[in-house]
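Enquirer: Coordinates only, no sequence provided:
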């Protein structure tokens, strides 16, 4: 493979080139600079050159602001004084940049609303008008798919599933029987919704499966990443409320409830029966023990282990940053005797107090 | 999506309603209370109302026992004095509740044993009578599938695989060549059995794949969760013994052996060539280093990192619970200097000893 | 299932039996011992008996060297004095053993280069000669698949993808639109290449998806494990350079770049926009925070959390090994007060200094 140079060829070209002034008008943003400068591609700030529109949200990228050759930067008014090029002022630069993308890069239409002849659809399923069903998809009895859905290739939808209008299953998704999916959901390839929950009864050495009688309910505008798994409930349903965003390779155990507009990064795991509030932000590789309650508006940084319920909004952490192997080894060896160390400190305090 | 109320509408209805006395007789459980009370749904204890059967296993839920309006609770004799409603006494309430589900909610039959015309089956494969093969499944040469198996839609079974009677592959499962699967196994969607192990020989900067000549052997009554991966062995087989239960998104490296009736929760990873004993219970997100030996009857709590062999049965832990971000930051900054702190404490002890 | 005995029946038989002298000549290795001894299977050192070829790379297995009944051991010259059986001397025993496998066990040919009639291939796709396309695979418009590729069953390849010659997608792989895959890549079942990156703009409580305009570029001789996910870039491409080896269930966020010949073990997660150098070795379950830079030739041991950029080559660690649950509980309780403990130690030092 040819090496990938850091030049605009790799950066997102604009489908509908325009000048910065047009863009400012369309997005209703105040412009400082030259309205006539043409915009023909989009780029991150550290790589933005002539012709590019970019944005600044993170303080980490602020250092690129003074030297950028971007033709336009969407930024917060507080940053304007640092900016040497044309600026569009936004109270929410990320949102404005999203709107710029939608304006400059027209979405490719999904293609014809066709039910592919190689899809296998039960005669008792009901597919409303305007749906696209990909080849190799298998749709069971009594499934109802509302208008405007796209079911990509290779999906398996078991019986009695309901999918709300405008939802998209990208490809190779599994949806177990009786699962409910809301409107305008976006579910990526390999997601598994409604697998059997992990419930067993022990009988001597043997584990007997406890049949899982619940299902999964997914709200509107939920997004679910690739290979993420959401198990069906044991007696109640597992519930993912409206607007929840789940990244890739997340494990959601049975009976879990995730509150509206909570966002969770990749490789996180949530054990069974835990309830997470709404408006939470949970980092990657977080592990949450079962049967807990997490309040609304809780932020959990990446790699934390949550072993107790969290009743107050706030920021919680739990990952130890790595170190050079040598130093780590010495410190972690000490950790194995931390209790003893603490005991010795308290004894020492007593001795010193008595001595003086 | 309408919000999901916590009412019995969401709870598991009973397919075969009966009265509590009938249930007690069928399960051979001692009944304290009214045998004539009707049971029409199943519910967890914290949500169980009139008409429901529920159970108590966890001390965490004991507080709901005094106020529950359940029509019947399966519980241990020790809990009887705390119970204000009708009680069924069981030495193993979880197992009895599992039996109650099997009695009250008849299983939906799997459907006709049909080989779907859209399955692609090699002429040299042998499918015994009473099997169901879903559309889009691809079955290679010299595969033998014993009687009563269900191979759901979209599975890929490479050549020379053997699957024992009564096993079920839910959907979209991958089974690599030469893999052996026992009887009555339950393998969920997206599981990958017999992928090539992660073995390379380094040659200067280059990594060359070492072809993996082993396979995977899976015993009887093994259950494997969604998107779990079990790699084939390098020279020997990777072995999952009888009755093992694996949750979702677990990684099992090449040459691993997992002993009979061991149960492992989601997102755990086991590196190559590690041997785990039988009757172990391993929590979620545990990481086990390669080339270790774990004894029988070892319990490992969630999020532990196992870096050394474990020779004694017992309970092992390794996850640090999270804290408020501020406190965590202060403590984890101190951890980076823990070795120095310990050294200073020992020096201080010496000084104090000399001073006194 | 019959229990699996540890006998040579389970070990890898040799397709082309030969004597040790022939093997030494073919591999150009110096032989100490009997050139006429026959080799009929391959085995790990701890299980190698009569007729077997084995190898020694790890000091952990050195103890088996004195008692092994193997007919031949490939080892480093430094180990020769410890070896009681026939030895082949190699400066790189793992590489020589890989070559022995290639010599002794001829690869099964891939089967006819057939495009299966049950594959669904867009008329605008271009499949070069000598390709094999499995049943149920779906290939979009303007896809170009170079000669000698194997696309296994159930793959979904969206429009405008390019795949270099000699690459293999095992089964049920997803390749999103516009993704580039190099030559001689090996991509296992359930891998997801080019899913939509996890990018959102917050608008009050609502998260709006930011359309991801980048793609994924994968170099030559890249290997990607089962169920691993690589997201497409936001504006630039996510880039996996030549010779990178990724294990199973790895999460690679949008805009990540992984340098040539870096190798990463299973269940690791790399958050968005992080750049990893070439020649790195990263253990399993490592979590790497977003927007970092990791230098070339960095080794990271399993379970580390990388929260800061690493500018120097070297070995880095971050996982705390588990302990008995009781001892762990005591130590981790002390960790919650480590900052206070350190403060008390410093106060104590001051008191002692003043007292003396």
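Expert: Cool, got the structure. It should be emphasised that the depicted structure is a prediction, and the values quoted were computed from it without experimental measurement.

Enquirer: Could you list the contact residues of the stretch 101-250 of chain A toward chain C?
Expert: A:101-102, A:105, A:107, A:116, A:118, A:134-136, A:152-154, A:170-172, A:186, A:188-190, A:223, A:225-227, A:243, A:245, A:247-249 (C-beta under 8 Å from any C-beta of the partner chain). For glycine as for every other residue, the C-beta is placed from the backbone atoms N, C-alpha and C.

Enquirer: of these, list those near chain B.
Expert: Filtering these for neighbours of chain B using C-beta under 8 Å from any C-beta leaves A:118, A:136, A:154, A:172, A:190, A:227, A:249.

Enquirer: follow-up on the earlier one: now the buried members of the residues of the stretch 101-250 of chain A next to chain C.
Expert: Buried residues within these, counting neighbours by 16 or more other C-beta atoms under 10 Å in any protein chain shown: A:101, A:105, A:116, A:118, A:134-136, A:152-154, A:170-172, A:186, A:188-190, A:223, A:225-227, A:243, A:245, A:247-249.

Enquirer: lowest-confidence helix or strand of chain A?
Expert: strand A:12-19 (a mean of 82; mean pLDDT, DSSP states H and E).

Enquirer: Output the contacting helices and strands for the very next helix or strand once past it.
Expert: Helices and strands here follow DSSP states H and E; after strand A:12-19, the next one along the chain is helix A:20-27. With contacts taken as 3 or more C-beta pairs under 8 Å, 6 or more residues apart in numbering or on different chains; DSSP states H and E, helix A:20-27 sits against strand A:30-32, strand A:38-42, strand A:87-89, helix A:93-104.

Enquirer: please redo it, this time with the cut-off set to 7 Å
Expert: Helix A:20-27 sits against strand A:30-32, helix A:93-104, with contacts defined as 3 or more C-beta pairs under 7 Å, 6 or more residues apart in numbering or on different chains; DSSP states H and E.

Enquirer: helix or strand right after the longest one?
Expert: Following the chain from helix A:93-104 toward its C-terminal end, the next helix or strand by DSSP H and E is strand A:120-121.

Enquirer: And the contacts of that next one?
Expert: Under the contact criterion C-beta atoms under 7 Å, 6 or more residues apart in numbering or on different chains, strand A:120-121 has outside partners A:127, A:133, A:138, A:139, B:118, B:135.

Enquirer: If we ignore the residues flanking it in sequence, what's nearest the fifth one?
Expert: Computed as C-beta to C-beta, 6 or more residues apart in numbering or on different chains, the closest residue to residue B:118 that is not its neighbour in sequence is residue B:135, at 3.8 Å.

Enquirer: Could you say which helix or strand holds that neighbour?
Expert: Using DSSP H and E, no helix or strand contains residue B:135.

Enquirer: Check the gap between the residue nearest to residue A:355 when sequence neighbours are not counted and residue B:188 for me.
Expert: Take residue A:355 and drop its neighbours on the chain: the residue closest to it by C-beta to C-beta, 6+ apart is residue B:356, 5.4 Å away. Applying C-beta to C-beta, to the nearest Å, the value for residue B:356 to residue B:188 is 67 Å.

Enquirer: what's the neighbour count on the residue nearest to residue A:355?
Expert: 10 (other C-beta atoms under 10 Å in any protein chain shown).

Enquirer: Ends of stretch A:104-121, what's the gap?
Expert: Chord length of stretch A:104-121, first to last residue, is 38 Å (C-alpha to C-alpha, to the nearest Å).

Enquirer: My error: substitute stretch A:157-164 in the last question.
Expert: For stretch A:157-164, the end-to-end distance is 14 Å (C-alpha to C-alpha).

Enquirer: can I assume the residue nearest to residue B:118 is in contact with residue B:115?
Expert: No - Residue B:135 is not in contact with residue B:115 according to C-beta atoms under 7 Å; the separation is 10.0 Å.

Enquirer: Now do the buried residues in the host helix or strand of residue A:207.
Expert: Using DSSP H and E, residue A:207 maps to strand A:206-209. With burial defined by 16+ other C-beta under 10 Å, the residues of strand A:206-209 counted as buried are A:207, A:208, A:209.

Enquirer: closest point of the stretch 251-356 of chain A to chain B, which residue?
Expert: residue A:318 (2.9 Å; C-beta to the nearest C-beta).

Enquirer: got the contact list for that residue?
Expert: Residues near residue A:318 by C-beta under 7 Å, 6+ apart: A:303, A:304, A:305, B:320, B:321, B:322, B:323, B:328.

Enquirer: residue ranges for the helices of the stretch 201-350 of chain A, please.
Expert: Using DSSP state H, counting those that start in this stretch, the helices of the stretch 201-350 of chain A run over A:325-335, A:338-355.

Enquirer: Give me the buried positions along the longest one.
Expert: Just to be clear, that refers to helix A:338-355. Quick answer for helix A:338-355 (16+ other C-beta under 10 Å): A:338, A:339, A:341, A:342, A:344, A:345, A:348, A:349, A:351, A:352.

Enquirer: now swap in stretch A:328-341 and tell me
Expert: Across stretch A:328-341, burial judged by 16+ other C-beta under 10 Å covers A:328, A:330, A:331, A:332, A:334, A:335, A:337, A:338, A:339, A:341.

Enquirer: Can you give me the distance of the fifth one to residue B:335?
Expert: This points to residue A:334. Distance from residue A:334 to residue B:335, by C-beta to C-beta: 9 Å.

Enquirer: can you tell me which residues contact residue A:162?
Expert: Going by C-beta under 7 Å, 6+ apart, the list of residues near residue A:162 reads A:144, A:180, A:181.

Enquirer: so can I have CSV of those showing distance to residue B:160 and secondary structure?
Expert: Output for those, formatted as CSV (distance: C-beta to C-beta, whole Å; DSSP: H, G, I helix; E, B strand; the rest coil):
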residue, distance to residue B:160, secondary structure
A:144, 41, strand
A:180, 41, strand
A:181, 38, strand
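
Enquirer: of all the residues you listed, which comes closest to residue C:235?
Expert: residue A:181 (30.1 Å; C-beta to C-beta).

Enquirer: Distance check, that closest one against residue C:77.
Expert: For residue A:181, the distance to residue C:77 (C-beta to C-beta) stands at 63 Å.

Enquirer: So for those two, which residue has more residues nearby?
Expert: Taking neighbours as other C-beta under 10 Å, residue A:181 and residue C:77 compare with residue A:181 leading, 29 against 12.

Enquirer: beta partners of the more buried one?
Expert: Per DSSP bridges, the residues bridged to residue A:181 are residue A:163, residue A:218.

Enquirer: just to revisit the earlier point, so what strands line up beside the strand holding residue A:207?
Expert: Sheet pairing of strand A:206-209 (DSSP bridges) gives strand A:200-203 (antiparallel).

Enquirer: What are the buried residues along the strand it pairs with?
Expert: Applying a neighbour-count criterion of 16+ other C-beta under 10 Å, one finds A:200, A:201 buried in strand A:200-203.

Enquirer: who touches that strand?
Expert: With contact meaning C-beta under 7 Å, 6+ apart, strand A:200-203 is reached by A:207, A:208, A:209, A:210, B:92, B:94, B:95, B:98, B:245, B:263.

Enquirer: on that earlier part again, export the ones next to chain B among the residues of the stretch 101-250 of chain A next to chain C to TSV and tack on pLDDT and distance to residue C:160?
Expert: Shown next, in TSV, are these (pLDDT from 0 to 100; distance: C-beta to C-beta, whole Å):
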residue	pLDDT	distance to residue C:160
A:118	96	21
A:136	97	20
A:154	98	19
A:172	98	19
A:190	98	21
A:227	98	23
A:249	98	26
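
Enquirer: residues near the spatially closest residue to residue A:265 that is not a sequence neighbour, how many?
Expert: Among residues not flanking residue A:265 along the chain, residue A:284 sits closest, at 3.8 Å (C-beta to C-beta, 6+ apart). For residue A:284, the count of nearby residues is 29 (other C-beta under 10 Å).

Enquirer: quick one, what contacts residue A:284?
Expert: With contacts defined as C-beta under 7 Å, 6+ apart, the neighbours of residue A:284 are A:265, A:266, A:267, A:268, A:302, C:269, C:271, C:287.
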